[in-house]
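Undergrad: Okay, sequence plus prediction incoming.
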Amino acid sequence: MLELVSPDISYKKQWEGIIQEWDNSRKRPWIFFQDSYEIFLEKIALPSISDDAINQISKSSFFFLQEIESKKIVGFYWLRHNLKFWDDDVYWWQIGYGIRPSERQKGYGKEWLNLLLTEAKKLWFDKVFIACDDDNIPSAKIIEANGWVLEKYTKRDEVKGRRYWINLK
(Lines give C-alpha, C1' and ligand atoms only; values in the text may rest on other atoms or scores of the structure.)
Protein backbone atom coordinates (compact mmCIF):
# COMPACT_ATOMS: atom_id res chain seq x y z
CA MET A 1 0.00 0.00 0.00
CA LEU A 2 1.04 3.56 -0.70
CA GLU A 3 0.72 6.80 1.17
CA LEU A 4 1.41 10.37 0.16
CA VAL A 5 4.24 12.15 1.94
CA SER A 6 5.49 15.69 1.56
CA PRO A 7 9.12 15.91 0.49
CA ASP A 8 11.61 17.04 3.11
CA ILE A 9 15.36 16.75 3.63
CA SER A 10 15.02 13.24 5.12
CA TYR A 11 14.23 11.89 1.63
CA LYS A 12 17.39 13.25 -0.03
CA LYS A 13 19.21 9.91 -0.33
CA GLN A 14 16.13 8.17 -1.75
CA TRP A 15 15.60 11.04 -4.22
CA GLU A 16 19.19 10.72 -5.43
CA GLY A 17 18.57 6.99 -5.97
CA ILE A 18 15.46 7.78 -8.00
CA ILE A 19 17.41 10.26 -10.14
CA GLN A 20 20.11 7.66 -10.79
CA GLU A 21 17.50 5.10 -11.85
CA TRP A 22 15.88 7.55 -14.25
CA ASP A 23 19.24 8.56 -15.70
CA ASN A 24 19.63 4.93 -16.75
CA SER A 25 16.12 4.58 -18.19
CA ARG A 26 14.55 5.43 -21.52
CA LYS A 27 12.79 8.56 -20.42
CA ARG A 28 13.41 10.93 -17.55
CA PRO A 29 10.70 13.16 -16.07
CA TRP A 30 11.84 16.65 -16.96
CA ILE A 31 10.71 19.08 -14.29
CA PHE A 32 12.32 19.00 -10.83
CA PHE A 33 15.10 16.68 -11.97
CA GLN A 34 17.46 19.39 -13.09
CA ASP A 35 18.60 20.77 -9.74
CA SER A 36 20.03 19.63 -6.44
CA TYR A 37 17.59 18.18 -3.93
CA GLU A 38 17.86 21.30 -1.79
CA ILE A 39 16.86 23.53 -4.73
CA PHE A 40 14.06 21.10 -5.57
CA LEU A 41 12.72 21.52 -2.00
CA GLU A 42 12.92 25.32 -2.34
CA LYS A 43 11.01 25.24 -5.63
CA ILE A 44 8.15 23.11 -4.37
CA ALA A 45 7.83 25.31 -1.28
CA LEU A 46 7.11 28.38 -3.44
CA PRO A 47 3.51 29.57 -3.69
CA SER A 48 3.67 28.79 -7.41
CA ILE A 49 5.99 26.88 -9.70
CA SER A 50 7.27 28.37 -12.93
CA ASP A 51 7.26 25.92 -15.78
CA ASP A 52 9.55 27.43 -18.41
CA ALA A 53 8.48 24.86 -20.99
CA ILE A 54 5.10 26.54 -21.27
CA ASN A 55 5.90 29.91 -19.71
CA GLN A 56 3.16 29.53 -17.17
CA ILE A 57 3.07 29.87 -13.43
CA SER A 58 0.83 27.55 -11.52
CA LYS A 59 0.18 26.68 -7.90
CA SER A 60 1.00 23.01 -7.48
CA SER A 61 0.96 20.24 -4.90
CA PHE A 62 3.86 17.79 -4.93
CA PHE A 63 3.96 14.45 -3.13
CA PHE A 64 6.17 11.42 -2.91
CA LEU A 65 4.47 8.05 -3.13
CA GLN A 66 5.81 6.00 -0.25
CA GLU A 67 5.35 2.30 0.30
CA ILE A 68 3.90 2.19 3.80
CA GLU A 69 5.73 -0.83 5.23
CA SER A 70 9.20 -0.29 3.78
CA LYS A 71 9.07 3.54 3.78
CA LYS A 72 10.57 3.39 0.29
CA ILE A 73 9.74 6.20 -2.12
CA VAL A 74 8.38 4.42 -5.18
CA GLY A 75 7.37 7.50 -7.18
CA PHE A 76 5.95 10.98 -7.10
CA TYR A 77 3.24 13.16 -8.50
CA TRP A 78 2.39 16.80 -8.71
CA LEU A 79 -0.95 18.35 -9.37
CA ARG A 80 -1.32 21.81 -10.87
CA HIS A 81 -4.18 23.67 -9.27
CA ASN A 82 -5.05 25.40 -12.55
CA LEU A 83 -4.26 24.84 -16.19
CA LYS A 84 -4.35 26.79 -19.41
CA PHE A 85 -4.39 25.10 -22.79
CA TRP A 86 -2.50 27.15 -25.34
CA ASP A 87 -4.56 25.76 -28.19
CA ASP A 88 -6.89 22.86 -28.71
CA ASP A 89 -4.30 20.44 -30.09
CA VAL A 90 -1.46 21.07 -27.65
CA TYR A 91 -1.47 19.21 -24.38
CA TRP A 92 0.37 19.96 -21.18
CA TRP A 93 0.16 18.23 -17.86
CA GLN A 94 -2.18 19.09 -15.06
CA ILE A 95 -0.79 15.99 -13.42
CA GLY A 96 2.82 14.93 -13.59
CA TYR A 97 3.78 11.56 -12.24
CA GLY A 98 6.34 8.84 -12.30
CA ILE A 99 6.99 5.46 -10.77
CA ARG A 100 10.69 4.81 -10.32
CA PRO A 101 11.90 2.25 -12.87
CA SER A 102 12.70 -0.47 -10.29
CA GLU A 103 9.17 -0.24 -8.86
CA ARG A 104 7.17 -0.56 -12.07
CA GLN A 105 4.92 -3.54 -12.84
CA LYS A 106 3.97 -3.87 -9.16
CA GLY A 107 0.43 -2.51 -9.35
CA TYR A 108 1.15 0.94 -7.93
CA GLY A 109 -0.53 2.75 -10.84
CA LYS A 110 -4.12 2.20 -9.76
CA GLU A 111 -3.37 3.00 -6.14
CA TRP A 112 -1.61 6.29 -6.83
CA LEU A 113 -4.38 7.41 -9.18
CA ASN A 114 -6.90 6.88 -6.38
CA LEU A 115 -4.72 8.91 -3.99
CA LEU A 116 -4.46 11.64 -6.61
CA LEU A 117 -8.22 11.86 -7.06
CA THR A 118 -8.67 12.16 -3.29
CA GLU A 119 -6.30 15.16 -3.30
CA ALA A 120 -8.02 16.71 -6.32
CA LYS A 121 -11.40 16.45 -4.57
CA LYS A 122 -9.94 18.29 -1.57
CA LEU A 123 -9.13 21.15 -3.97
CA TRP A 124 -12.74 21.22 -5.21
CA PHE A 125 -11.98 20.11 -8.77
CA ASP A 126 -15.00 19.08 -10.86
CA LYS A 127 -12.81 17.15 -13.27
CA VAL A 128 -9.13 16.43 -13.72
CA PHE A 129 -6.98 16.23 -16.83
CA ILE A 130 -4.08 13.85 -17.45
CA ALA A 131 -1.99 13.19 -20.54
CA CYS A 132 0.63 10.73 -21.66
CA ASP A 133 2.74 10.20 -24.73
CA ASP A 134 0.99 7.99 -27.25
CA ASP A 135 3.78 5.42 -27.14
CA ASN A 136 3.67 5.20 -23.32
CA ILE A 137 1.40 2.17 -23.36
CA PRO A 138 1.84 1.30 -19.64
CA SER A 139 0.60 4.76 -18.59
CA ALA A 140 -2.27 4.69 -21.09
CA LYS A 141 -3.37 1.28 -19.76
CA ILE A 142 -3.30 2.47 -16.13
CA ILE A 143 -5.23 5.63 -16.98
CA GLU A 144 -7.85 3.83 -19.08
CA ALA A 145 -8.27 0.98 -16.59
CA ASN A 146 -9.16 3.53 -13.93
CA GLY A 147 -12.06 5.08 -15.82
CA TRP A 148 -10.43 8.10 -17.41
CA VAL A 149 -12.02 9.06 -20.73
CA LEU A 150 -9.83 9.62 -23.77
CA GLU A 151 -10.76 13.03 -25.12
CA LYS A 152 -8.42 13.18 -28.08
CA TYR A 153 -5.04 12.41 -29.55
CA THR A 154 -2.72 15.40 -29.59
CA LYS A 155 0.70 16.50 -30.73
CA ARG A 156 3.32 18.56 -28.88
CA ASP A 157 6.76 19.28 -30.35
CA GLU A 158 6.39 16.35 -32.77
CA VAL A 159 5.43 14.03 -29.91
CA LYS A 160 2.04 12.37 -30.21
CA GLY A 161 0.00 12.24 -27.03
CA ARG A 162 -3.29 11.22 -25.50
CA ARG A 163 -5.47 13.57 -23.45
CA TYR A 164 -7.82 12.16 -20.77
CA TRP A 165 -10.38 13.59 -18.33
CA ILE A 166 -12.17 12.16 -15.34
CA ASN A 167 -15.21 13.69 -13.66
CA LEU A 168 -15.04 13.90 -9.88
CA LYS A 169 -18.67 14.83 -9.20
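TA: Thanks, I have it.

Undergrad: and the next element down the chain from the longest helix along the chain?
TA: With secondary structure taken from DSSP state H, the chain has its longest helix at helix 108-122. Proceeding N to C from helix 108-122, the next assigned helix or strand is strand 127-133, under DSSP states H and E.

Undergrad: Show me the shaky parts of this structure.
TA: Along the chain, segments meeting pLDDT under 70 span 24-34, 46-58, 82-93, 156.

Undergrad: if you set the cut-off to 90 instead, what comes out?
TA: The chain contains residues with pLDDT under 90 at 1, 15-63, 75-102, 104-133, 136, 138-139, 141-149, 151-169.

Undergrad: What is the three-state secondary structure of the residue of it positioned farthest from its centre?
TA: In the chain, E69 marks the outermost C-alpha relative to the chain mean, sitting 22.6 Å out by CA atoms, centre = their mean. Put simply, E69 is coil when judged by DSSP: H, G, I helix; E, B strand; the rest coil.

Undergrad: separation between V159 and Y153?
TA: Distance from V159 to Y153, counting by CB to CB, to the nearest Å: 11 Å. (C-beta placed from N, C-alpha, C; glycine too.)

Undergrad: any common contacting residues for these two?
TA: Counting by CB atoms under 8 Å, 6 or more residues apart in numbering, the common neighbours of V159 and Y153 are D134.

Undergrad: Now do the strands in this structure.
TA: Taking DSSP state E to define them, one finds strands in the chain at 2-5, 49-51, 56-58, 60-67, 73-80, 95-99, 127-133, 149-156, 159-167.
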